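In: please work out how this folds:
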Amino acid sequence: MKVAVIGSGGREHALVWRLGISPSVEKVYAIPGSSAMQDLAEVVSLDWENTPALLNFLKQEHIDLVVVGPEAPLVAGLTDTLEAEGMAVFGPSRIAAQLEGSKSFAKALMKKYHIPTADYEVFSTLQAAKEYVRQQGAPIVIKADGLAAGKGVVVAMTLDEALAALDHMLGEDQFGEAGSRVVIEEFMEGEEASLLAFADGKTVVPMIAAQDHKRIFDGDKGPNTGGMGAYAPAPVATPEIIEVAQKTILEPVLSALAAEGATYKGCLYAGLMITKNGPRVVEFNARFGDPETQVVLPLLEGDLGEIMMACAKGNLTADMVNWKSGSAACVIMASAGYPETSHTGDVITGNLDFTTDSYVFHSGTTFVDNHYETNGGRVLGITTVKENLQDCLKGCYDRVMQIKFNGAQYRTDIGQKAFK
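Out: Numbering: from 1, shown residues only. Okay, the predicted model is just below:
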């Protein structure tokens with residue numbers, strides 16, 4: 001079959017690569033893709049927001065399956081538009097994508113259907129939000145209601161931090177419309193894990209669990225980012241924990257959305273806090289995580305194209321999804337100033353080629369005069385697959401040390417929680 005992947009980041013680079021080695025896939029198109037994807041797919045310079053041009057291309061090329069990578073097109077309803085034209089799409093409908101597009105929507109759904117998560121309140125005025133925070137005390141979690149590229153969450157350990165976060169979001173419009181409402185949650189004790197799952201509207205099949213590293217600096221210090229690295233499988237999410245999460249979180253949320261008239265097809269991402277009372281939801285995403293995709297997909301034993309088509313068509317079965325032994329790790333190299341800003345135009349040197357067990361996924365680069373330059377906050381995802389995590393991490397950092405650009409920043413403690 002012919003598959004079109006919408007998006008241009010590291011997640012989409014990994015999706016394009018993995019689909020390209022799937023037996024059922026004849027050709028992959030990347031829309032708009034990136035220069036780094038040119039060896040793996042036909043890169044098509046089209047904006048997904050230009051619906052007539054996109055539809056015309058997909059029909060002209062007889063695309064069998066469209067895989068929507070980022071959250072913005074999902075929340076905007078691209079799946080609905082394409083399905084209305086009779087196309088098979090891997091990605092949830094606009095209403096189902098509100099699980100990520102609106103944290104207050106997700107929290108209300110979980111409350112109504114008794115899905116375990118933190119207690120919360122929603123505010124749109126600064127004074128009322130501050131009064132609530134003063135009553136509750138710290139630690140406490142402040143979240144922008146809408147999409148904020150992974151940066152709209154503040155885990156405030158002090159009252160001053162919480163009040164400052166409210167000032168930024170509600171008082172100073174730090175995230176624009178996305179932060180015009182905030183969700184304030186109780187602080188949950190435990191260790192986080194990312195549990196992604198394939199879903200076809202009725203059936204949900206979990207992937208292996210990964211662990212992301214959200215903060216910019218070692219030791220989980222500094223502001224939140226879109227993710228500075230990940231590894232899989234994450235030992236904190238034991239088979240027993242995953243089974244509980246499937247029964248109490250993944251399956252119930254699919255049923256809840258169906259009861260509300262929304263079909264969830266695609267990748268369901270549950271960010272979990274593994275507490276002493278079991279897994280609870282930190283957040284949902286409506287797509288593959290970045291950088292979790294870069295460590296989960298290399299360990300997939302199965303035909304990704306076939307799995308995604310089954311999700312789109314509503315005939316997914318658990319036996320389609322199997323996993324290799326071993327581990328995968330990914331270290332993100334970010335540009336100077338990230339996450340507050342991103343420095344562009346810095347020349348990248350070093351070997352960026354794929355090998356049999358190591359991949360360099362491009363998150364924010366551009367190809368100029370026969371070399372790559374930085375073109376975003378997160379620049380590269382260095383991924384290695386080995387039999388054990390220790391070797392994975394050594395492989396990642398060996399490659400990181402060989403790749404240079406001005407102001408490059410990366411964490412040196414990715415995966416260390418796995419050894420505790």
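In: pLDDT at the residue nearest to residue 27 when sequence neighbours are not counted, what is it?
Out: The spatially closest residue to residue 27, leaving aside those adjacent along the chain, is residue 2, at 5.0 Å (C-beta to C-beta, 6 or more residues apart in numbering). For glycine as for every other residue, the C-beta is placed from the backbone atoms N, C-alpha and C. In this model, residue 2 is scored at 98, pLDDT.
In: what's residue 2 sitting at in phi/psi?
Out: Note on residue 2: backbone dihedrals following degrees, to the nearest 10 are phi -100, psi 130.
In: my guess is it meets residue 62, correct?
Out: Yes. Using C-beta atoms under 8 Å, residue 2 is in contact with residue 62, at 6.4 Å.
In: the two: which is more packed in?
Out: residue 2 (17 against 8; other C-beta atoms under 10 Å).
In: report the separation between residue 154 and residue 336.
Out: As judged by C-beta to C-beta, to the nearest Å, residue 154 and residue 336 stand 23 Å apart.
In: check residue 68 too.
Out: Taking C-beta to C-beta, one finds residue 68 at 31 Å from residue 336.
In: more neighbours, those two?
Out: Neighbours per residue (other C-beta under 10 Å) separate residue 68 from residue 336, with residue 68 holding more: 27 against 16.
In: so who does that one touch?
Out: Counting by C-beta atoms under 8 Å, 6 or more residues apart in numbering, residue 68 touches 6-7, 74, 78-79, 89-91, 266, 287.
In: 7 Å instead?
Out: When contacts are counted by C-beta atoms under 7 Å, 6 or more residues apart in numbering, residue 68 is found next to 6, 74, 78-79, 89-91.
In: could I get those as TSV with neighbour count and secondary structure?
Out: Shown next, in TSV, are the contacts of residue 68 (neighbours: other C-beta atoms under 10 Å; DSSP: H, G, I helix; E, B strand; the rest coil):
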residue	neighbour count	secondary structure
6	27	strand
74	29	helix
78	24	helix
79	26	helix
89	25	strand
90	30	strand
91	30	coil
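In: max pairwise distance over those: which two?
Out: Spatial extent of these (C-beta to C-beta) is set by the pair 78 and 90 at 11.5 Å.
In: so where do the helices sit in the stretch 151-300 of the chain?
Out: Applying DSSP state H, counting those that start in this stretch to the stretch 151-300 of the chain gives helices spanning 159-166, 239-245, 251-259, 292-296.
In: what about the stretch 51-200 of the chain, any weak spots by pLDDT?
Out: Applying pLDDT under 70 to the stretch 51-200 of the chain flags residues 149-151, 178.
In: can you give me the strands for it?
Out: 65-68, 88-90, 120-123, 140-144, 153-156, 182-186, 191-200 (DSSP state E, counting those that start in this stretch).
In: can you show me the helices along the stretch 301-420 of the chain?
Out: 304-313, 389-402.
In: between these, which one is nearest to residue 348?
Out: Nearest of those to residue 348, taken as C-beta to C-beta: helix 389-402 at 11.3 Å.
In: pick out the residue nearest the middle of the chain.
Out: Centroid check for the chain by C-alpha atoms, centre = their mean gives residue 289 as the closest residue, at 1.7 Å.
In: quick check, pLDDT for that one.
Out: Looking at residue 289, its pLDDT stands at 94.
In: can you pull the phi/psi pair for it?
Out: Backbone dihedrals for residue 289, given as degrees, to the nearest 10, come out at phi -80, psi 160.
In: from what I can see it touches residue 268, true?
Out: No. Judged on C-beta atoms under 7 Å, residue 289 makes no contact with residue 268 at a distance of 10.9 Å.
In: out of the helices of the stretch 151-300 of the chain, which comes closest to residue 176?
Out: Nearest to residue 176 among the helices of the stretch 151-300 of the chain is helix 159-166 (15.6 Å), distances taken as C-beta to C-beta.
In: how distant is that closest one from the center of its chain?
Out: How far helix 159-166 lies from its chain's middle: 26 Å, per C-alpha atoms, centre = their mean, to the nearest Å.
In: for stretch 383-402, same thing?
Out: The answer for stretch 383-402 is 21 Å, by C-alpha atoms, centre = their mean.
In: buried residues in it?
Out: Neighbour counts over stretch 383-402 (16 or more other C-beta atoms under 10 Å) mark 383-386, 389, 391-393, 395-397, 399-400 as buried.
In: export those to TSV and tack on distance to residue 257?
Out: Shown next, in TSV, are the buried residues of stretch 383-402 (distance: C-beta to C-beta, whole Å):
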residue	distance to residue 257
383	32
384	36
385	34
386	38
389	35
391	40
392	35
393	37
395	40
396	37
397	41
399	40
400	40
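In: out of those residues, flag the one nearest to residue 33.
Out: Closest to residue 33, out of all of the buried residues of stretch 383-402 and judged by C-beta to C-beta, is residue 383, at 18.7 Å.
In: wait, doesn't that closest one sit right on residue 294?
Out: Yes. Residue 383 sits in contact with residue 294 when judged by C-beta under 7 Å, with a separation of 4.7 Å.
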